[in-house]
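J.: sequence and predicted structure are below.
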Protein chains: 2
Amino acid sequence: MTLFLGIDGGGTGCRAAVADTQGHVLGQGMAGPANIATDVEGAAANILAATTAALAQAGTGTFTDLHAVLGLAGANVSASAARLQALLPFATTRIATDAMISAKGALQDHDGIVAAMGTGSVFAVQRQGVVRQYGGRGFVLGDEGSGAVLGRALLAEALRAADGFTEMTPLLRDVLDEMGGMEAVISFSFRARPAEFAGLAPRIVAGADAAAERIFGAAAQQVADILTHLHGNSPLPVVFLGGLGPHYAARLADRWQIRPPLGTGLDGALWLARQGGK
Amino acid sequence: MTLFLGIDGGGTGCRAAVADTQGHVLGQGMAGPANIATDVEGAAANILAATTAALAQAGTGTFTDLHAVLGLAGANVSASAARLQALLPFATTRIATDAMISAKGALQDHDGIVAAMGTGSVFAVQRQGVVRQYGGRGFVLGDEGSGAVLGRALLAEALRAADGFTEMTPLLRDVLDEMGGMEAVISFSFRARPAEFAGLAPRIVAGADAAAERIFGAAAQQVADILTHLHGNSPLPVVFLGGLGPHYAARLADRWQIRPPLGTGLDGALWLARQGGK
C-alpha cells in the first residue's frame, strides 16, 4: 500500500496529513512542538503522535506505508535532521525546511517569490521548480522585517527617545510606561524570546504613530530591497505569508504582482511527498 | 579617622583605592568580578576583598573609617544597588554607574563629553559638574558603536553576503570559513555573549576590508550623530575611552576637540569620594 504523509512542524505544534496516490486527503492529525534545533527526540515523538492520529482518521495504512515529507523549523541544521531521520519508521522520509514547504504550498510548481513574515522571516524563490531559500538567519543576525525584529526596533527607539535622541511619540511613551520604564525595558531585552518581541508588532503595523510608521517604513524598504534583489532581471509574482504578510502586501502592492498562496505549508509538504520528494 | 575609598567594579574584576584627606593614595587592591546586575552577594564579597587588600597596603584604617564611592556595572538597576548598599559596612557608601566614575575620572570637574567604546558603549556629558548619562542600554537594544555591536554587524553582513545580497569580501569569507559556515554562524549568534561578538571588532576597525570599512564607517557616523546631539549649541571637548576609543578618536578627530582622559574610572571614584560623594 502506498500513502503519502505531509508534516508541518514548528515551535508551537505539528500537523500531519495522509493522502492517497490520487492526492485525496484521507486523514489529518495534530500534536505538540517539533523543533529539531532544540529537541530532536521530542520532535520525533510529536511527529509520530500526529501521524498516528492522521492514520486513525484515514482508517487505513501503517507507518511503513508512508512516503513522508517533513517541513520542520530548524531543518537547516543538518546534524539534527540526520538524527531525526534515524528515529522515524516511514517507508521513505525527506526532511525539508519550513521555508521549503511554505514555498511549495504557496506556489506548487509555479515560478514565484514567497516572503514569510511572521515572528521570524524567510524568503524563497522558485524558478522552474527549483526552490532556493534566502534570509531567515534568526533573530540575532537576520529575520529582516519580522515581527520580532520590528518589536526590538520599537523598544530600541523608545530608549533613544527617552535619551532625547529622537522624538518621543505617544506609542513610545505608552510602551515605556506599560513596561515600567527604561530599566525594565533593558531587563526585558536580555531575557525575552523572539515571540515576546513580536508581541509588539501589531502596534507597529497599525501605523497610526510617527515612530511606528518610521520603523515599519524602514522594514518595508528593507524587505523591498531583498525582493528587488531576488527578482533580478525577471520579475516574479510575490506571495506574502505569515501574520505580517498582509501588511507588507498592502504596503508594497504597487511594486510587484502580489498573489495569494495556493495552499498552506502542510499542503506543500504533501505536494512534495506526492512528487516523490523532489 | 577619615579615609576615602574608590571602587571600580565590573564583570571581569574590581579594583579598590584608599586615599587620605589630602588625596594621597595609601593603598590599592584587586579582587574578582562585581557586577551587581547578576550577583549582588558575590559583588559584595569581592568589593570587601579588594578593600581589605587596599587597607592592608595602606597599613591603617578599618571599614568603618571609609567614605566610599563605588562605580559598578549594573548600578543603574536600583533594586540591586540598594541590596548591595545594605551589605557593605563602610562609614558612608555611594553607588554610581561605571559610566559616572569613568566620566569623573576622565573630566574631573571640567565640562566635556565622554564616549566609552568597549564591548558595550555609553556616553556621558558633564556641564558645570552635573553628569548625565546617555545610551549604554545593552547589547540587544543599544550600545551603539560598541565592539559587540560591530561584531554582530560583521556576522550579519557575512550571512547577507552568503545570500548574495551584498558583496562577499575577503574578511567576510574568512569569518564564514573560520566559524564553519552559515549554520555555525547562526548557532553562534544564539549562544554568544557580547564579549564573544566583540572579539571580532579588531578586524573591523583595522579597516583594510571593504565590508569592515562599511560597518565601521556606519558605526562612526552613528556615534558622530549621538555626539552632535549631545554637544547641542555649545560644543565641548570629547574624551574617548575603551579599547575602541582610539579608533573612533582617529576617525572623528576633525569634527571636535578631542582630549585624553585626566584619569581612570578608579581615579574618578576616589575623586567623587573626596568630593563628599557629590
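T.: Structure received. Numbers count the residues shown, from 1 in each chain, chains lettered A, B, ... in the order given.
J.: mind checking the longest helix of chain A?
T.: helix A:210-231 (DSSP state H).
J.: can you confirm whether that one lies near chain B?
T.: Yes: judged by Cβ under 8 Å from any Cβ of the partner chain, helix A:210-231 comes into contact with chain B at A:225-226, A:229. In short, each C-beta sits where N, CA and C put it, glycine included.
J.: need the contact partners of the next helix or strand after that helix.
T.: Using DSSP states H and E, the helix or strand that follows helix A:210-231 in sequence is strand A:238-241. For strand A:238-241, contacts defined as Cβ atoms under 8 Å, 6 or more residues apart in numbering or on different chains pick out A:102, A:106-107, A:112-118, A:227, A:246, A:248-249, A:252, A:256-261.
J.: which one is the residue in the stretch 1-150 of chain A positioned nearest to chain B nearest to, not counting chain neighbours?
T.: Here the stretch 1-150 of chain A gets closest to chain B at one residue, residue A:140, 3.9 Å apart by Cβ to the nearest Cβ. In this structure, residue A:140 finds its nearest non-sequential neighbour in residue B:189, 3.9 Å apart by Cβ to Cβ, 6 or more residues apart in numbering or on different chains.
J.: about what we covered before: burial count for the residue of the stretch 1-150 of chain A closest to chain B?
T.: 21 (other Cβ atoms under 10 Å in any protein chain shown).
J.: what about the helices in the stretch 101-250 of chain A?
T.: In order along the chain, the stretch 101-250 of chain A carries the following helices (DSSP state H, counting those that start in this stretch): A:147-162, A:170-179, A:182-191, A:194-198, A:201-205, A:210-231, A:245-251.
J.: which of those is buried the deepest?
T.: Of those, the one with the most neighbours on average (mean count of other Cβ atoms under 10 Å in any protein chain shown) is helix A:147-162, at a mean of 23.
J.: which other helices and strands does that one contact?
T.: With contacts taken as 3 or more Cβ pairs under 8 Å, 6 or more residues apart in numbering or on different chains; DSSP states H and E, helix A:147-162 sits against helix A:170-179, helix A:182-191, helix A:194-198, helix A:201-205, helix A:210-231.
J.: tell me the domain ranges of chain A?
T.: Under automatic domain parsing, the residue ranges defining each domain of chain A are A:3-108+A:262-274, A:109-261.
J.: need the winner for burial among those domains.
T.: Among the domains of chain A, ranked by average contacts under mean count of other Cβ under 10 Å, first place goes to domain A:3-108+A:262-274 (a mean of 21).
J.: pLDDT of that one, averaged?
T.: The pLDDT scores in domain A:3-108+A:262-274 average 91.
J.: chain center to that domain: distance?
T.: 15 Å (Cα atoms, centre = their mean, to the nearest Å).
J.: confidence score at the closest residue to residue A:165 other than its chain neighbours?
T.: Using Cβ to Cβ, 6+ apart and skipping residues adjacent in sequence, the residue nearest residue A:165 is residue B:229, 5.7 Å away. If you check residue B:229, the pLDDT there is 90.
J.: ok, residue A:163 next?
T.: Per-residue pLDDT puts residue A:163 at 89.
J.: my guess is it contacts residue B:135. True?
T.: Yes: look at residue A:163 against residue B:135 with Cβ atoms under 8 Å: they come within range, at 6.4 Å.
J.: on that earlier part again, what's the longest helix of chain A packed up against?
T.: strand A:112-117, strand A:121-127, helix A:147-162, helix A:170-179, helix A:201-205, helix A:245-251.
J.: turn those into CSV, columns for distance to residue B:61.
T.: Formatted as CSV, the helices and strands packed on helix A:210-231 follow (distance: least, Cβ to Cβ, whole Å):
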stretch, distance to residue B:61
strand A:112-117, 64
strand A:121-127, 60
helix A:147-162, 41
helix A:170-179, 45
helix A:201-205, 56
helix A:245-251, 65
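J.: which one of those lies closest to residue B:148?
T.: With Cβ to Cβ as the measure, helix A:147-162 is the member of these nearest residue B:148 (14.5 Å).
J.: the closest one: how far from the chain's middle?
T.: Distance, stretch centre to chain centre, for helix A:147-162: 22 Å (Cα atoms, centre = their mean).
J.: please enumerate the strands of the stretch 1-150 of chain A.
T.: A:3-9, A:14-19, A:25-31, A:66-72, A:92-97, A:112-117, A:121-127, A:130-134 (DSSP state E, counting those that start in this stretch).
J.: will you turn these into JSON lines that also has distance to residue B:2?
T.: Shown next, in JSON lines, are these (distance: least, Cβ to Cβ, whole Å):
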{"stretch": "strand A:3-9", "distance to residue B:2": "68"}
{"stretch": "strand A:14-19", "distance to residue B:2": "69"}
{"stretch": "strand A:25-31", "distance to residue B:2": "71"}
{"stretch": "strand A:66-72", "distance to residue B:2": "68"}
{"stretch": "strand A:92-97", "distance to residue B:2": "68"}
{"stretch": "strand A:112-117", "distance to residue B:2": "64"}
{"stretch": "strand A:121-127", "distance to residue B:2": "61"}
{"stretch": "strand A:130-134", "distance to residue B:2": "67"}
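J.: centre of chain A to the edge, which residue is at the far end?
T.: When distances are taken from the C-alpha mean of chain A, residue A:164 lies farthest, 36.2 Å away, according to Cα atoms, centre = their mean.
J.: just confirm that residue contacts residue B:229, I think it does.
T.: Yes: at 7.3 Å, residue A:164 and residue B:229 qualify as touching, with contact defined as Cβ under 8 Å.
J.: let's see the pLDDT reported for the closest residue to chain B within the stretch 151-278 of chain A.
T.: Residue nearest to chain B within the stretch 151-278 of chain A: residue A:189 (3.9 Å; Cβ to the nearest Cβ). On pLDDT, residue A:189 comes in at 92.
J.: ditto for the one 5 residues further on
T.: In the prediction, the pLDDT value recorded for residue A:194 is 91.
J.: pretty sure it is touching residue A:140, no?
T.: No: if you go by Cβ under 8 Å, residue A:194 and residue A:140 don't touch, sitting 9.3 Å apart.
J.: can you give me the end-to-end span of stretch A:175-194?
T.: From its first residue to its last, stretch A:175-194 covers 17 Å (Cα to Cα, to the nearest Å).
J.: contact partners of it?
T.: A:119-120, A:139, A:143, A:146, A:148, A:152, A:154-155, A:158-159, A:162, A:196, A:200, A:203, B:76-78, B:137-138, B:140-142.
J.: quick one: contacts for residue A:51?
T.: Residue A:51 touches A:5, A:7, A:16, A:18, A:29, A:63, A:66, A:68, counting by Cβ under 8 Å, 6+ apart.
J.: put together a markdown table for the residues you listed, with distance to residue A:38 on each row.
T.: Below are these laid out as a markdown table (distance: Cβ to Cβ, whole Å):
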| residue | distance to residue A:38 |
| --- | --- |
| A:5 | 23 |
| A:7 | 17 |
| A:16 | 20 |
| A:18 | 27 |
| A:29 | 22 |
| A:63 | 24 |
| A:66 | 25 |
| A:68 | 21 |
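J.: show me how far stretch A:128-136 is from its chain's centre.
T.: 14 Å.
J.: does it reach chain B?
T.: Yes: counting by Cβ under 8 Å from any Cβ, chain B has neighbours in stretch A:128-136: A:134-135.
J.: which residues touch that stretch?
T.: Applying Cβ under 8 Å, 6+ apart, the contact partners of stretch A:128-136 are A:76, A:97, A:99-100, A:103-104, A:109, A:111, A:116, A:120-125, A:142-144, A:226, A:230, A:278, B:163-165.
J.: how about the helices of the stretch 101-250 of chain A in CSV, adding distance to residue B:265?
T.: CSV is the format used below for the helices of the stretch 101-250 of chain A (distance: least, Cβ to Cβ, whole Å):
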stretch, distance to residue B:265
helix A:147-162, 23
helix A:170-179, 29
helix A:182-191, 21
helix A:194-198, 33
helix A:201-205, 38
helix A:210-231, 35
helix A:245-251, 47
